[in-house]
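**Q** Provide a 3D model corresponding to the input given below.
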Amino acid sequence: MIGCVLTGHGSFAPGLYGALTMIAGEQDFFNVIAFEDGQNVDDFEEKMKQAVKQLTETCEGVLIFSDLLGGSPFKTAMIAAQDFETVEVIAGANLPMLIETIGLRYASTDLEQLTQQAITAGQSGVVHPKLVIKEDEEFGEEGI
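**A** Have a look, this model is predicted:
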């Protein structure tokens with residue numbers, strides 16, 4: 001099984017996790033670490049390292065989801081991941097990628113494959129649909 005960490009600025013991670021649990025229920029081996037406004041970066045880094053260490057002791061790998069490439073949560077996740085061969089970091093986390101990951105992570109032992117599947121799901125979940133209203137073909141514009 002692959003463990004997960006979700007991190008980001010402010011209420012991003014708790015909010016996204018809340019949406020995930022509405023859809024899929026509470027998750028085991030899934031840590032949420034928010035980087036709060038005014039929080040000491042060293043304290044945040046310590047929380048991240050502890051969460052990753054704990055998950056690596058019980059899971060075959062750890063996938064860290066961060067909100068923004070280059071942000072403090074992302075940089076902290078990268079620092080925490082560098083000490084472990086079985087930890088990957090994804091930037092740009094969204095709900096579709098989390099749903100895909102939790103559906104696959106219990107049976108998965110291939111962290112790299114799961115990482116790619118999560119990225120694909122996240123990218124596929126970003127769309128710009130248009131509402132198309134069709135006229136009633138049977139009655140045309142005049143209605144009944």
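
**Q** every contact and neighbour count from this point should use C-alpha atoms.
**A** Will do.

**Q** next one: the longest helix along the chain to chain centre, how far?
**A** The single longest helix within the chain, with elements called by DSSP state H, is helix 41-58. For helix 41-58, the separation from the chain centroid amounts to 17 Å (computed by C-alpha atoms, centre = their mean, to the nearest Å).

**Q** mind listing what's buried in that helix?
**A** Across helix 41-58, burial judged by 16 or more other C-alpha atoms under 10 Å covers 44, 45, 47, 48, 49, 51, 52, 53, 55, 56.

**Q** tell me which two in these are the farthest apart.
**A** The span of the buried residues of helix 41-58, defined through C-alpha to C-alpha, is set by 44 and 56 at 18.5 Å.

**Q** quick one, strands of the chain?
**A** Using DSSP state E, the strands found in the chain span residues 2-9, 30-35, 61-66, 87-91.

**Q** deepest-packed of these, please.
**A** A comparison of the strands of the chain by mean neighbour count, using mean count of other C-alpha atoms under 10 Å, puts strand 61-66 on top with a mean of 27.

**Q** what strands line up against that one, and which way round?
**A** Next to strand 61-66 in the sheet, as set by DSSP bridges, lie strand 2-9 (parallel), strand 87-91 (parallel).

**Q** where does this protein dip in pLDDT?
**A** Within the chain, the ranges that satisfy pLDDT under 70 run 136-144.
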